[in-house]
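**Q** Sharing a model prediction with you, sequence too.
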Amino acid sequence: MIGTKQLAEFPKIETGRLILRKLTFDDVSDIFEYASNPKVPEFLPWETHKTIEDTLAFINLVEEEFKKFNSIVLGIEIKEKKKLIGTIAMRNWDKADRCIDIGYVISQNYWNKGLTTEAVKAVIEFGFERLNANRIEAHCDEDNIASYRVMEKAGMKYEGTLRQKILIKNKFASMRFYSIIKEEYNK
């Protein structure tokens with residue numbers, strides 16, 4: 001079924017350690033905490049949050065993009081602490097080609113703990129099982145080793161590097177592309 005426009009509300013996905021859920025204004029301080037750290041968006045196109053207003057604008061944008069069927073951005077909450085530690089996005093989730101692009105960001109305090117891989121695996125499962133995706137893809141700056149290792153651990157296959165693909169912070173970045181297709185996921 002391609003009719004994912006029927007998805008009227010943000011999904012909630014649970015894993016062993018995480019809850020992936022809709023962002024709320026109660027999450028502002030948690031989001032600001034990681035988004036204001038300059039190391040977190042180092043390889044990403046968005047700028048470090050300078051004020052709480054930047055974070056509020058982000059939450060509003062997430063809601064608007066969902067209403068337009070452009071993306072689903074879920075907060076990554078660590079269950080045991082009930083703390084939001086990042087976000088994971090599914091972009092272009094209602095297109096006829098059934099290809100979803102995913103992206104993620106996580107607080108530096110939670111790097112190298114397997115949490116991002118856990119979230120990506122859950123979103124891959126959701127994309128194939130609930131959104132009827134045929135292909136799920138992701139990309140990252142070729143220098144962002146931790147990010148492409150997450151993709152590999154989640155079962156995605158390296159497809160190639162597109163040279164100087166994206167302008168990030170006034171510098172052209174080459175991007176590594178990964179994907180997994182439904183028939184690989186089902187094996």
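**A** Cool, the structure landed. Residues are numbered from 1 along each chain as shown.
**Q** what secondary structure does N109 sit in?
**A** helix (DSSP: H, G, I helix; E, B strand; the rest coil).
**Q** Tell me the predicted confidence for it.
**A** pLDDT recorded at N109 is 97.
**Q** wait, isn't it in contact with I85?
**A** Yes - judged on CB atoms under 8 Å, N109 makes contact with I85 at a distance of 7.3 Å. Every residue, glycine included, has its C-beta placed from N, CA and C.
**Q** Between these two, which contacts overlap?
**A** Y34 (CB atoms under 8 Å, 6 or more residues apart in numbering).
**Q** Neighbour count for the two, which is higher?
**A** For N109 versus I85, neighbours defined as other CB atoms under 10 Å are more numerous around I85 (24 against 12).
**Q** before we move on, which element is the more buried one in?
**A** Using DSSP states H and E, I85 sits in strand 83-91.
**Q** same check, this time on L162
**A** L162 belongs to strand 157-168, assigned by DSSP H and E.
**Q** moving C-terminal of that strand, what's the next helix or strand?
**A** Where DSSP H and E defines the elements, the next helix or strand beyond strand 157-168 is strand 171-181.
**Q** circling back to that earlier point, other SSEs contacting the helix or strand that the strand holding I85 is followed by?
**A** The element immediately downstream of strand 83-91 (helix or strand, assigned by DSSP H and E) is strand 99-106. Counting contacts by 3 or more CB pairs under 8 Å, 6 or more residues apart in numbering; DSSP states H and E, strand 99-106 is packed against helix 28-35, strand 83-91, helix 115-129, strand 135-141.
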